[in-house]
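Visitor: below is the sequence, then the predicted model.
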Amino acid sequence: MDKKLESALEEHPCYSSEAHSKFARMHVPVAPKCNIQCNYCNRKYDCSNESRPGVTSEVLSPEEAVEKIRAVRKEIPYLRVIGIAGPGDPLANEETFRTLELVNKEFPDLTLCVSTNGLALPENAERLYGLGVRFLTVTMNASDPRVGGRVYSMVRKDGKTYRGEEGAEMLLQSQLDGIKKCVELGMLVKINIVMVPGINDEHIPELVRMVKSLGVYIVNILPLIPVEGTEFSGMRAPTPEERKRLMDLCELDVKMMRHCRQCRADAIGLLGEDRSQEFMRMGSCQAGCGPSAEERPMPLVKLDGGRASKVAVATSDGKNIDSGFGNASRFDVYEVRNRNAEFLRTVAVDTSKQVVGGQHRQHIEDIADLLDDCSVIVVKEIGSMPSKLLTGRGKTVRISSGPIGRETFSL
Ligand code: CLF
Ligand code: SF4
């Protein structure tokens, strides 16, 4: 491994467990289209409280992505990696390549990282390498088409659609050929595997041995997140114990990633601290009725400001701002007067039930009702829907993290 790659590896928050608390990655969501359909994926939701791959609040053009990187870099000097991870498959979108080209030219010191399902990898491996990509992730859920046929409902290649085992076989062949090429070129390949109990869990050790024989650098086993509106919505996620057992077993064969945060396609920051909402463009409507791309104001806006008498803080322990709006189990409410904050009450939120799909908005409205007397809400993160709902009710939303202190209340 050459020196440059070695130091990039040491500072890559996903590939190095030591780096994940020190260095940040930024995903640029430039790739909306996908060429397959996984039975666990539904990309229509847009909410940071459902943090998972395939979800993003906005799609950027390559030029907008570069502009955003410029702005983020100023705020996050420890940014090291620019990743393209969706919200569709990066290799099914020409914009991915244009973005890589632009980023490589303007920020040669940043590491480029791409995450793909692998279907279009064989024909793109050299192109990616030529554009400076040395870190590549392939999400691969089966090394047997009989298993893959239960995970993927559709694979589209060269204008044709393939289903069931036939589609899974085609995908598998592309993944294997593509991984082999990337390893030979000198890329560090990571394999992401989604663990689906009853579908591929028993098969995963065999899959891991196969990818190990291809020379992959590291494997990451992620738990299924059952999502409303997908084939797997009724399936259960593996328990942490089941997943740990499987990782322990597979670690006998290959290096295992254990600090994955299942990021959004527009995640920004340290792995455990998504700051994407801080850098959301304001003023552009998802339905396309906002200003055109040329007119759109590019300044990246921090949610901020306003005077308040009551402030609600999303906290799990009463000491730190550490929760997102939709997944907080508790808000502490303070009254702020003459720059002094006085604790008033704790508002507990019922988080015992899993909230999916259409129930999500109701859950958000219920929390907003509980905090109706507060004019400022301080959260670690928030999705665009809850953020719009709160601002529509006249609240000021502030994104912050770390200890609750004087700064939390300097309004
Ligand atoms: Fe992004 Fe993925 Fe690159 Fe990391 S994420 S493209 S390798 S820079 Fe990391 Fe996020 Fe887990 Fe992915 S924590 S989902 S493994
Ligand atoms: Fe969704 Fe990614 Fe699967 Fe495409 S490859 S269907 S974006 S999970």
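Guide: Received it, and whenever you're ready, just let me know what you need. Numbering: from 1, shown residues only. Ligands and ions are numbered 1, 2, ... in the order given.
Visitor: going by C-alpha atoms from here, please, whenever you check contacts or count neighbours.
Guide: Noted.
Visitor: list the contacts for the residue in the stretch 301-411 of the chain that ligand 1 sits nearest to?
Guide: In the stretch 301-411 of the chain, the residue that lies nearest ligand 1 is residue 381 (16.3 Å; CA to the nearest ligand atom). Residue 381 makes contacts with 48-49, 274-275, 277, 323-325, 399-400, as judged by CA atoms under 8 Å, 6 or more residues apart in numbering.
Visitor: for residue 178, which non-adjacent residue is spatially closest?
Guide: Leaving aside its chain neighbours, residue 178 sits nearest to residue 122 (4.1 Å; criterion: CA to CA, 6 or more residues apart in numbering).
Visitor: got the contact list for that neighbour?
Guide: Going by CA under 8 Å, 6+ apart, residue 122 touches 174-175, 177-179, 181.
Visitor: recalculate using a threshold of 10 Å.
Guide: Residues near residue 122 by CA atoms under 10 Å, 6 or more residues apart in numbering: 173-182.
Visitor: that older thread, would you turn the contacts of residue 381 into JSON lines with pLDDT and distance to residue 84?
Guide: Conversion of the contacts of residue 381 to JSON lines gives the following (pLDDT from 0 to 100; distance: CA to CA, whole Å):
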{"residue": "48", "pLDDT": "32", "distance to residue 84": "18"}
{"residue": "49", "pLDDT": "37", "distance to residue 84": "20"}
{"residue": "274", "pLDDT": "72", "distance to residue 84": "16"}
{"residue": "275", "pLDDT": "80", "distance to residue 84": "17"}
{"residue": "277", "pLDDT": "70", "distance to residue 84": "18"}
{"residue": "323", "pLDDT": "88", "distance to residue 84": "26"}
{"residue": "324", "pLDDT": "88", "distance to residue 84": "24"}
{"residue": "325", "pLDDT": "90", "distance to residue 84": "26"}
{"residue": "399", "pLDDT": "83", "distance to residue 84": "24"}
{"residue": "400", "pLDDT": "84", "distance to residue 84": "26"}
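Visitor: which of those residues fall within strands?
Guide: Within the contacts of residue 381, residues falling in strands by DSSP state E are residue 399.
Visitor: of the contacts of residue 381, closest to residue 7?
Guide: Using CA to CA, residue 274 is the member of the contacts of residue 381 that sits closest to residue 7, with 24.0 Å.
Visitor: list the contacts for the closest one?
Guide: 24-26, 48, 51, 261, 263-264, 266-268, 324, 380-382.
Visitor: and the next helix or strand past the helix-or-strand element of the chain with minimal mean pLDDT?
Guide: None of the helices or strands of the chain scores lower by mean pLDDT, DSSP states H and E than strand 340-348, at a mean of 82. The helix or strand immediately downstream of strand 340-348 is helix 359-370, counting by DSSP states H and E.
Visitor: sorry, back to before: three-state assignment of the residue nearest to residue 178?
Guide: In three-state terms, and counting by DSSP: H, G, I helix; E, B strand; the rest coil, residue 122 is coil.
Visitor: just say helix, strand or coil for residue 265.
Guide: With three-state DSSP as the basis, residue 265 sits in coil.
Visitor: mind listing what's buried in stretch 317-328?
Guide: Neighbour-count burial for stretch 317-328 flags 320-328 (criterion: 16 or more other CA atoms under 10 Å).
Visitor: now the two most distant members of the residues you listed.
Guide: 320 and 326 (16.6 Å).
Visitor: distance from the chain centre to stretch 114-125, please.
Guide: Centroid displacement of stretch 114-125 relative to its chain, using CA atoms, centre = their mean, to the nearest Å, is 19 Å.
Visitor: for stretch 189-205, same thing?
Guide: Centroid displacement of stretch 189-205 relative to its chain, using CA atoms, centre = their mean, is 19 Å.
Visitor: mind checking the end-to-end distance for that stretch?
Guide: One end of stretch 189-205 sits 18 Å from the other (CA to CA, to the nearest Å).
Visitor: what helix or strand is residue 212 on?
Guide: Using DSSP H and E, residue 212 sits within helix 204-213.
Visitor: next, the buried residues of stretch 200-215.
Guide: 200-201, 203-205, 207-208, 211-212, 214-215.
Visitor: out of the residues you listed, which comes closest to ligand 2?
Guide: residue 200 (15.4 Å).
Visitor: so who does that closest one touch?
Guide: 141-144, 147-148, 150-151, 193-194, 207.
Visitor: can we see that at 7 Å?
Guide: 142, 147 (CA atoms under 7 Å, 6 or more residues apart in numbering).
Visitor: give me the three-state assignment for it.
Guide: Under three-state DSSP, residue 200 falls in the coil class.
Visitor: roughly how far does it sit from ligand 1?
Guide: 19 Å (CA to the nearest ligand atom, to the nearest Å).
Visitor: so how far is residue 176 from that residue?
Guide: Distance, residue 200 to residue 176, by CA to CA: 18 Å.
Visitor: okay, now residue 366: neighbour count?
Guide: For residue 366, the neighbour count with other CA atoms under 10 Å is 13.
Visitor: now pLDDT and distance to residue 392 too, for the buried residues of stretch 200-215, in JSON lines please.
Guide: Formatted as JSON lines, those follow (pLDDT from 0 to 100; distance: CA to CA, whole Å):
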{"residue": "200", "pLDDT": "96", "distance to residue 392": "44"}
{"residue": "201", "pLDDT": "95", "distance to residue 392": "45"}
{"residue": "203", "pLDDT": "95", "distance to residue 392": "49"}
{"residue": "204", "pLDDT": "97", "distance to residue 392": "47"}
{"residue": "205", "pLDDT": "96", "distance to residue 392": "50"}
{"residue": "207", "pLDDT": "97", "distance to residue 392": "49"}
{"residue": "208", "pLDDT": "97", "distance to residue 392": "49"}
{"residue": "211", "pLDDT": "96", "distance to residue 392": "50"}
{"residue": "212", "pLDDT": "96", "distance to residue 392": "52"}
{"residue": "214", "pLDDT": "96", "distance to residue 392": "53"}
{"residue": "215", "pLDDT": "96", "distance to residue 392": "52"}
